[in-house]
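*Asks:* Here's my sequence, what's the structure:
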Amino acid sequence: MKYFIGVDIGGTKCAVSAVEKGKTAILLKTVFNTESSRGWKCVVDDIIKSIQNLMTKLDIRSCDVLAAGISCGGPLDSKKGIIMCPPNLPDWDGVPICEIIKNHFGFPSFLQNDANACAVAEWRYGAGKGCENMIFLTFGTGMGAGLILNGRLYSGTNDLAGETGHIRLAETGPEGYGKKGSFEGFCSGGGIERYAKQQAQSYLENGKKSALFANKTDIEKITAKTIAQAALYGDEFSVEIYKNCGRKLGEGLAVLVDILNPERIVIGSIYARSEKLLRSSMLETLKREALARSLSVCRIVPAALGENIGDYAALGTAAEGYERMNKSDNNT
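*Replies:* Residues are numbered from 1 along each chain as shown. Next up is the predicted model:
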């Protein structure tokens with residue numbers, strides 16, 4: 001039997017997992033706290049130990065591993081396999097993670113930023129399975145995209161394709177990605193929170209009430225999660241916040257539909273959890289803004305992999321990299 005190994009590197013936790021080639025069930029997973037303050041060398045040592053322990057427990061030899069895949073927040077250089085100082089890993093400046101793992105174990109390793117890796121995961125194992133042209137939107141802490149075009153991952157010239165959060169949707173509005181009125185400003189956890197706090201001030205000044213707040217002190221406690229919970233119970237203010245987010249989501253999706261003509265757009269995190277709060281206003285706007293023929297062939301669906309998406313992101317990166325490597329070898 002042959003295997004793929006996945007390494008999901010996060011600022012808080014790292015996870016190492018394994019799957020048999022051609023299968024979807026994760027055989028074993030180990031997790032450890034990143035504790036990035038220790039420095040990248042200590043974290044990489046723990047990753048290597050975790051891979052070795054997993055292989056020992058599963059009785060896997062290095063020659064049985066086809067490839068390892070690494071999912072990590074950017075910036076990074078996926079072609080060279082180098083992590084280049086992500087915000088949540090401050091001293092990881094120029095870490096050749098793929099070379100380190102290959103030198104230690106002997107099998108090839110491949111690296112992708114987390115948005116691209118999650119796109120590959122949903123494409124291979126989840127809601128985008130079987131698609132030739134698919135977009136994955138993170139819609140969590142930020143708003144980024146991974147693009148599957150003509151049956152393969154498209155990452156751009158220097159790994160910056162899919163930075164959808166930077167698209168400007170309005171001249172003013174909540175800030176995201178360093179730009180007021182951006183897609184990320186309206187459609188991300190932080191963006192929803194900031195927009196709601198702005199609107200809450202006006203709400204109070206006009207003598208209106210909400211289940212979320214009765215004074216300015218309460219406003220500071222608002223989060224995207226508490227707004228969603230209140231909206232599900234019918235709180236008028238919270239329902240309108242999510243309706244507006246849905247409208248802006250529709251505007252952003254219309255741009256992607258018109259430019260890329262995908263057959264499926266898979267949306268994670270907040271959309272996957274709060275689809276019924278967003279979908280109606282999103283579709284209304286999308287139908288008004290997008291080209292009808294392009295929209296007619298595109299489905300908008302929530303991500304399917306849930307809490308396991310990070311594991312499958314890394315494993316999918318391994319499988320995708322291995323297959324791409326073999327195609328390249330066969331063409332030479």
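*Asks:* tell me which element Thr56 falls in.
*Replies:* helix 40-58 (DSSP states H and E).
*Asks:* any idea which helix or strand comes after that helix?
*Replies:* Following helix 40-58 in sequence, per DSSP H and E, is strand 65-72.
*Asks:* tell me the angle of that next one relative to helix 40-58?
*Replies:* Angle, strand 65-72 to helix 40-58, by axes from the mean of the first three to the mean of the last three C-alpha atoms, to 10 degrees: 140 degrees.
*Asks:* tell me what strand 65-72 is packed against?
*Replies:* Contacts defined by 3 or more C-beta pairs under 8 Å, 6 or more residues apart in numbering; DSSP states H and E place strand 65-72 against strand 3-9, helix 97-105, strand 109-113, helix 114-125, helix 309-330. (Each C-beta comes from the backbone N, C-alpha and C, glycine too.)
*Asks:* in the helix holding Thr56, what counts as buried?
*Replies:* 40, 43-44, 46-48, 50-51, 54-55 (16 or more other C-beta atoms under 10 Å).
*Asks:* Could you single out the nearest of those to Leu305?
*Replies:* Leu54 (20.2 Å; C-beta to C-beta).
*Asks:* Spit out the contact partners of that closest one.
*Replies:* Residues near Leu54 by C-beta atoms under 8 Å, 6 or more residues apart in numbering: 5, 16-18, 28, 30, 60.
*Asks:* what residues does stretch 21-40 touch?
*Replies:* In contact with stretch 21-40 (C-beta under 8 Å, 6+ apart) are residues 1-4, 9-20, 42-43, 46, 50, 53-54, 57-58, 66, 88-92, 95, 125, 308, 311-312, 315, 319.
*Asks:* buried ones in it?
*Replies:* Buried residues in stretch 21-40 (16+ other C-beta under 10 Å): 29-30, 34, 36, 40.
*Asks:* can you redo those as TSV with secondary structure?
*Replies:* What follows is the buried residues of stretch 21-40, written out as TSV (DSSP: H, G, I helix; E, B strand; the rest coil):
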residue	secondary structure
Lys29	strand
Thr30	strand
Thr34	coil
Ser36	helix
Trp40	helix
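*Asks:* so which one among the residues you listed has the lowest pLDDT?
*Replies:* Least confident entry in the buried residues of stretch 21-40, by pLDDT: Ser36, with 86.
*Asks:* From Glu184, how far out is that one?
*Replies:* From Ser36 across to Glu184, the span is 24 Å (C-beta to C-beta, to the nearest Å).
*Asks:* same check, this time on Ala67
*Replies:* Distance from Ala67 to Glu184, by C-beta to C-beta: 32 Å.
*Asks:* what angle sits between the helix holding Thr56 and strand 3-9?
*Replies:* Using the same axes, to 10 degrees: helix 40-58 against strand 3-9 is 150 degrees.
*Asks:* circling back to that earlier point, please pick the buried ones from the contacts of stretch 21-40.
*Replies:* Buried among the contacts of stretch 21-40 by 16+ other C-beta under 10 Å: 3-4, 9-10, 14-20, 43, 46, 50, 54, 66, 89, 92, 95, 125, 308, 311-312, 315, 319.
*Asks:* Tell me, please, where in this structure the pLDDT is lower than the cut-off.
*Replies:* 328-332 (pLDDT under 70).
*Asks:* Could you rerun that using 80?
*Replies:* 209, 215, 327-332 (pLDDT under 80).
*Asks:* From the centre of it, point out the most distant residue.
*Replies:* Gly207 (39.4 Å; C-alpha atoms, centre = their mean).
*Asks:* Backbone dihedrals for it, both of them.
*Replies:* The phi/psi pair for Gly207 (degrees, to the nearest 10) reads phi 70, psi 20.
*Asks:* OK, contacts around it?
*Replies:* For Gly207, no contacting residues are found, by C-beta under 8 Å, 6+ apart.
*Asks:* Also Gln112?
*Replies:* Contacts of Gln112 (C-beta under 8 Å, 6+ apart): 69-72, 78, 120, 153, 155, 313, 317.
*Asks:* Tyr233 contacts Ala211, correct?
*Replies:* Yes - contact criterion C-beta atoms under 8 Å: Tyr233 and Ala211 qualify, at 6.9 Å.
*Asks:* report the angle between the axes of the helix holding Thr56 and helix 97-105?
*Replies:* Using the same axes, to 10 degrees: helix 40-58 against helix 97-105 is 50 degrees.
*Asks:* Which element, helix or strand, includes the residue lying closest to Ser210 once chain neighbours are set aside?
*Replies:* Nearest residue to Ser210, sequence neighbours excluded (C-beta to C-beta, 6 or more residues apart in numbering): Phe237, at 3.9 Å. Element membership for Phe237, per DSSP H and E: helix 236-260.
*Asks:* Where does Ile148 sit: helix, strand or coil?
*Replies:* Quick answer, by three-state DSSP: Ile148 is strand.
*Asks:* which residues does the residue nearest to it when sequence neighbours are not counted contact?
*Replies:* Among residues not flanking Ile148 along the chain, Met134 sits closest, at 4.3 Å (C-beta to C-beta, 6+ apart). Met134 makes contacts with 119, 122-123, 128, 147-148, 262-266, as judged by C-beta under 8 Å, 6+ apart.
*Asks:* go again using 6 Å as the cut-off
*Replies:* The neighbours of Met134, taking C-beta atoms under 6 Å, 6 or more residues apart in numbering as the test, are 123, 128, 148, 262, 264.
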